[in-house]
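> how does the following fold in three dimensions:
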Amino acid sequence: MTDPIMTIRDVAQALKLAEKTVYAMATDGELPAFKVRGQWRVRRVDFEDWLSNQARAPTGERPSAAPPPPSRTSSVADTLHEPSPDTRAVEDLTERVPQEEMHRRLVQALGPSCVRSHAAWDAKPFELDLSPPLPQRIRVYMYNATRPPGGRPLGEHKVQLIVPAQRRGDRASFDNGDGRIVLLIGYAAEEDVFILWDAGLYSDFAWSRNVQVKAETIIQASAGKLATQERQLRPPSGRPTVETVLAVKPRRLAEAIVKRMELTRERLLRE
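Now for the predicted structure:
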């Protein structure tokens, strides 16, 4: 059955456009889109009507997007809380995707030849069993990598570390039990880029701790490179160390995970 609600990715695939372009079209009012908790959505029937109007319009003219009928969109909004103005300011600057969608894109990027099995889409952390040469049992903590307005260098992306059951004021660590290798991964949705930090360097962290990656690293990854960036860190316990951050497009994710494991082993040997 065809889903009556489309995401930015669905529309981008239908139009053969970049997701960033479609996001801008929604923001500028060119698409009949609406927001649910800061996420753009389009009713399929509205999109199909809009597309028909685009095809009929004379060259050079763009019909404006008619807003969805109030009776239908209000029923969606009424079931969810509106984000606060401060939250909307951040979400308007950077596209976010739900946790389940991030996990789907992770599995899709790795492909069926690499992923033998995985947990439920909404599980957090997200556990996967992979095929060699990838680590065979991993536990992924995955976060939206966003570009918050103000206070950070231009274009820098960050994730905010919060683990299940952690509350404001609590300190927490990633779960390293059961012999699974922990991966800390950020996802920049607009650029469709995965960022891999060294999870072993993050322990006993405060609620919503920020972890960054430079804009240049994201740009290099967007160009198809396996981008690297070195960061000076001072862990809570132990001496200062250098972390190598990796960033890649989906087709190079498996390669980046292997590289992440190599870099982590080298760090542990140095220490």
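> from now on I want contacts and neighbour counts done on CA atoms only, so please keep to that.
Fine.
> name the element residue 243 belongs to?
Secondary structure assigned from DSSP states H and E places residue 243 in strand 241-248.
> in stretch 243-251, what's buried?
Burial within stretch 243-251, assessed by neighbour count using 16 or more other Cα atoms under 10 Å, is assigned to 243-250.
> the strand holding residue 243 pairs with which strands?
Note on strand 241-248: by DSSP bridges, its sheet partners are strand 193-197 (antiparallel), strand 227-233 (antiparallel).
> with mean pLDDT as new columns, can the ones you listed be given to me in CSV?
Formatted as CSV, the strands paired with strand 241-248 follow (pLDDT from 0 to 100):
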stretch, mean pLDDT
strand 193-197, 97
strand 227-233, 91
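> mind checking which of those is nearest residue 271?
strand 227-233 (13.8 Å; Cα to Cα).
> any idea which element the spatially most central residue of the chain lies in?
The residue lying closest to the centre of the chain (Cα atoms, centre = their mean) is residue 187, at 2.9 Å. Assigned by DSSP H and E, residue 187 falls within strand 181-188.
> partners of that strand, with directions?
strand 137-144 (parallel), strand 193-197 (antiparallel).
> hmm, who's touching the last one?
Just to be clear, that refers to strand 193-197. Residues from elsewhere that reach strand 193-197 (Cα atoms under 8 Å, 6 or more residues apart in numbering): 183-188, 213, 218, 221-222, 243-250, 253, 256-257, 260.
> buried sites along stretch 135-146?
Buried-residue list, stretch 135-146, by 16+ other Cα under 10 Å: 137-146.
> between those, which is nearest residue 5?
residue 144 (21.7 Å).
> contacts only, for the closest one.
96-97, 159, 186-189.
> repeat that with 10 Å
94-99, 102, 157-160, 185-189, 194-195 (Cα atoms under 10 Å, 6 or more residues apart in numbering).
> in the stretch 151-271 of the chain, which spans are strands?
Along the stretch 151-271 of the chain, counting by DSSP state E, counting those that start in this stretch, strands occupy 157-161, 171-172, 181-188, 193-197, 205-206, 209-213, 227-233, 241-248.
> of all those strands, which one is nearest residue 117?
Closest approach to residue 117 among the strands of the stretch 151-271 of the chain (Cα to Cα): strand 181-188, 15.3 Å.
> which other helices and strands contact the top helix by length along the chain?
Longest helix of the chain, by residue count under DSSP state H: helix 253-270. If contacts are counted by 3 or more Cα pairs under 10 Å, 6 or more residues apart in numbering; DSSP states H and E, helix 253-270 sits against helix 99-110, strand 181-188, strand 193-197, strand 241-248.
> in a markdown table: the ones you listed, plus distance to residue 5.
What follows is the helices and strands packed on helix 253-270, written out as a markdown table (distance: least, Cα to Cα, whole Å):
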| stretch | distance to residue 5 |
| --- | --- |
| helix 99-110 | 14 |
| strand 181-188 | 22 |
| strand 193-197 | 24 |
| strand 241-248 | 29 |
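> just say which of those is most tucked in.
strand 193-197 (a mean of 25; mean count of other Cα atoms under 10 Å).
> out of the buried residues of stretch 135-146, show me where the pLDDT dips lowest.
Ranked by pLDDT, those bottom out at residue 146, which has 89.
> CSV for the strands paired with strand 241-248, including distance to residue 28?
Shown next, in CSV, are the strands paired with strand 241-248 (distance: least, Cα to Cα, whole Å):
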stretch, distance to residue 28
strand 193-197, 24
strand 227-233, 32
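> for the protein, which spans come out with low pLDDT?
Flagging of the chain using pLDDT under 70 yields the residue ranges 1, 56-94, 149-155, 235-238.
> can you list the domain ranges for it.
As recorded under automatic domain parsing, the domains making up the chain are 5-82, 99-270.
> highest average neighbour count across those?
Most buried among those, counting by mean count of other Cα under 10 Å: domain 99-270, with a mean of 17.
> between the two ends of that one, how far is it?
Domain 99-270 has an end-to-end distance of 35 Å (Cα to Cα, to the nearest Å).
> kindly report the same for stretch 200-207.
17 Å.
> re earlier: nearest to residue 170, out of the strands paired with strand 181-188?
Using Cα to Cα, the nearest of those to residue 170 is strand 137-144, at 17.7 Å.
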